[in-house]
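Sharing a model that was predicted from the sequence below.
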Amino acid sequence: MSTRYRTGIVSLLALTASTVAAQDLTGIWRDDRGGRYVVRQAGEEFCWTSEQNVFCGLLTGPVIAGSWLDLPTGRFRGNGRMVLQVASPNRLVKLHQTANYGATVWTREGSSNPAPATPAPAPQPTPVPQPAPSPPSPPTVPSSPQPSGGIVPARADLNGGTKDWTYRALDGEYRSMTGKLIQFTCDADSAPTEWRALYGTDTYTDDSVLCQAAVHAGVITTRGGTFTIEMLPGQSSYAGSRRNGVISADYPAWGGSFAFRQEQLTFDASRPPQPTSAPRVEPSIVAEATAGRGDTPQAFSRQIGARVRYTCAPGGQYLNRVWGTDVYTLDSEVCAAAIHAGLITAAAGGKFVVEIRPGESSYRGSFRNGLSSSDYTAFPVSFTFVR
């Protein structure tokens, strides 16, 4: 890494840290149900206690990700993970939950007319005056299929190389290349997490974490992969969302953007295959995959209708992260869901076929075959088993 880029990243981290430190959330807060919370923030650490529960998490930019536990003195015995957005110094908004938590908005006691949500990952750096140098590689690189199968990056103008899961310097290196297609590769994520600095949906700010954006967009999983992006002009606003187990945040105007580009997919939900003269009796298997602990079918999130044959090894030990019954959220652990559905056992393992389906408005959990699945609210993509 050059001295210029190393200095830029260190400066960006310092600016982010100073923003977090300056925004002290310590105080007395109320939720939208009238509950009272005592909040303490120390740098990036954030905790609250109430009559019912305690919550502690890590503050990263405008997002707090952490866990809550009901206290034994309260009426309930719940627990779960939750992600909050710091909408302003006086207002917190719930973005995501793994178990039902009744409150959705928190307001600092004594504040009035909290400001609307305009979080900032860091103050915008001064634009780099000189254009980014052209990489020494040949100007054209051939596209190649993803290791997971089925997804093919678009043909690129140049190769940006392999990036780690902290890389967020497209703005400094490639912003001057608006309209260019650039191919990147991400290695496997050694510490997957719901939140890294990521802003937007489909179109992202060019200071977002690149590999995290690729997972959010569904072009790779946390196992890594190769993809192509197009550098785009800045947008007037960016809308956050939760996709593929990753959370992105809203953001106001920003000077540069990027989006992912792919060749036509066999089962692209927006452009389904055209019918032929001979009616198709059954969708074909688009990929064969071996699944293990924590693996999900999220690599196929953009291939509604696709069927994938999975193999789970004997003696598997799984996280048992499963949401739904018969129809499951796409971020459910696929081997554990197959056990829940009665297709395989953990001891013997086995083969099965899943079909990618559109999302459901809700998912109902149940206890089957020795494994519990959980309820969940709306999720954009689902899968079921072909029996």
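Ah, there it is. Residues are numbered from 1 along each chain as shown.

hmm, who's touching stretch 379-387?
Around stretch 379-387, the neighbours that count as contacts under CB atoms under 8 Å, 6 or more residues apart in numbering are 243, 297, 301, 304, 307, 323-324, 326-332, 334, 337-338, 341, 343, 352-360, 363. Yep, even glycine has a C-beta here, placed from its N, CA and C like the rest.

which residues of the stretch 251-387 of the chain fall in helices?
Per DSSP state H, counting those that start in this stretch, the stretch 251-387 of the chain carries helices over the ranges 334-340.

can you give me the strands for it?
For the stretch 251-387 of the chain, the strands defined by DSSP state E, counting those that start in this stretch cover 256-261, 285-291, 307-312, 324-325, 327-329, 350-360, 367-368, 371-372, 379-386.

Show me what the third one is packed against.
The reference is to strand 307-312. Using 3 or more CB pairs under 8 Å, 6 or more residues apart in numbering; DSSP states H and E as the contact test, the elements touching strand 307-312 are strand 285-291, helix 334-340, strand 350-360.

quick one: contacts of the second one?
Contacting residues not belonging to helix 334-340 are listed as 291-293, 295-297, 310, 312, 316, 318-322, 324-325, 328, 344-346, 350, 352, 354, 366, 368-371, 373, 383, 385 [CB under 8 Å, 6+ apart].

Give me the buried entries from those.
291, 295-297, 310, 312, 316, 318, 320-322, 324-325, 328, 344, 346, 352, 354, 371, 373, 383, 385 (16 or more other CB atoms under 10 Å).

OK, contacts around S361?
Contacts were defined as CB under 8 Å, 6+ apart; by that measure S361 touches T377, A378.

Is T26 in contact with R40, as I believe?
Yes. The pair formed by T26 and R40 meets the contact definition of CB atoms under 8 Å, at 5.4 Å.

what residues do those two have in common as contacts?
Counting by CB under 8 Å, 6+ apart, T26 and R40 have no common neighbour.

ok, G160 - contacts?
By CB under 8 Å, 6+ apart, G160 lies in contact with P135, E173, Y174, I182, Q183, F184.

mind running it again at 6 Å?
Residues in contact with G160, defined by CB atoms under 6 Å, 6 or more residues apart in numbering, are I182, F184.

Where does it sit: helix, strand or coil?
Three-state assignment for G160 (DSSP: H, G, I helix; E, B strand; the rest coil): strand.

That one and Y174: what is the separation?
Separation of G160 from Y174 (CB to CB, to the nearest Å) stands at 7 Å.

Past the least confident helix or strand in the chain by mean pLDDT, which element shows up next along the chain?
The weakest-scoring helix or strand in the chain, judged by mean pLDDT, DSSP states H and E, is helix 3-22 (a mean of 37). Downstream of helix 3-22, the first helix or strand assigned by DSSP states H and E is strand 27-31.

quick one: the helix or strand just after that following strand to strand 27-31, angle?
Following strand 27-31 in sequence order, the next helix or strand is strand 36-42 (DSSP H and E). Orientation check (axes from the mean of the first three to the mean of the last three CA atoms, to 10 degrees): strand 36-42 against strand 27-31 gives 130 degrees.

Strand 36-42: how far from the chain's middle?
27 Å (CA atoms, centre = their mean, to the nearest Å).

Need the residues that contact that strand.
The contact list for strand 36-42, computed with CB under 6 Å, 6+ apart, reads D24, L25, T26, G27, W29, C47, W48, T49, S50.

doesn't R108 make contact with the fifth one?
Looking back up the chat, that one is W29. Yes. With contacts counted by CB atoms under 6 Å, W29 reaches R108, the gap being 5.4 Å.

Neighbouring strands of the helix or strand Y204 falls within in the sheet, and parallel or not?
Assigning secondary structure by DSSP H and E places Y204 in strand 203-205. Here strand 203-205 has these sheet partners by DSSP bridges: strand 200-201 (antiparallel), strand 256-261 (antiparallel).

Let's test this: mean pLDDT of that strand, rounded?
The pLDDT scores in strand 203-205 average 94.

Could you list the buried residues of that strand?
Going by neighbour count (16+ other CB under 10 Å), the buried part of strand 203-205 is T203, Y204, T205.

likewise stretch 188-201?
Neighbour counts over stretch 188-201 (16+ other CB under 10 Å) mark D189, P192, E194, W195, R196, A197, L198, Y199, G200, T201 as buried.

Pull the contacting residues for the third one.
What it means is E194. By CB under 6 Å, 6+ apart, the residues touching E194 are A65, I247.

run the last query once more with 8 Å
Neighbouring residues of E194 by CB under 8 Å, 6+ apart: A65, R81, V83, H96, G245, V246, I247.

which one of the residues you listed has the most neighbours?
In terms of neighbours by other CB atoms under 10 Å, the contacts of E194 top out with V246 at 24 neighbours.

And the pLDDT for the closest residue to that residue other than its chain neighbours?
Closest residue to V246 apart from its sequence neighbours, by CB to CB, 6 or more residues apart in numbering: H216 at 4.2 Å. pLDDT for H216: 90.

how deep is I339 tucked in, by neighbour count?
24.

Next, work out how far apart it and S374 are.
From I339 across to S374, the span is 15 Å (CB to CB).

Also G66?
G66 is 19 Å from S374, by CB to CB.

what sits opposite G27 in the beta ladder?
Taking DSSP bridges as the rule, G27 bridges to V39.

before we move on, what about W48?
Under the criterion used (DSSP bridges), W48 bridges to V39, F55.

Surely it and G57 touch.
No. Counting by CB under 8 Å, W48 stays clear of G57, with 9.4 Å between them.

quick one: low-confidence ranges for the stretch 51-200 of the chain?
Counting by pLDDT under 70, the ranges of the stretch 51-200 of the chain that qualify are 112-154.
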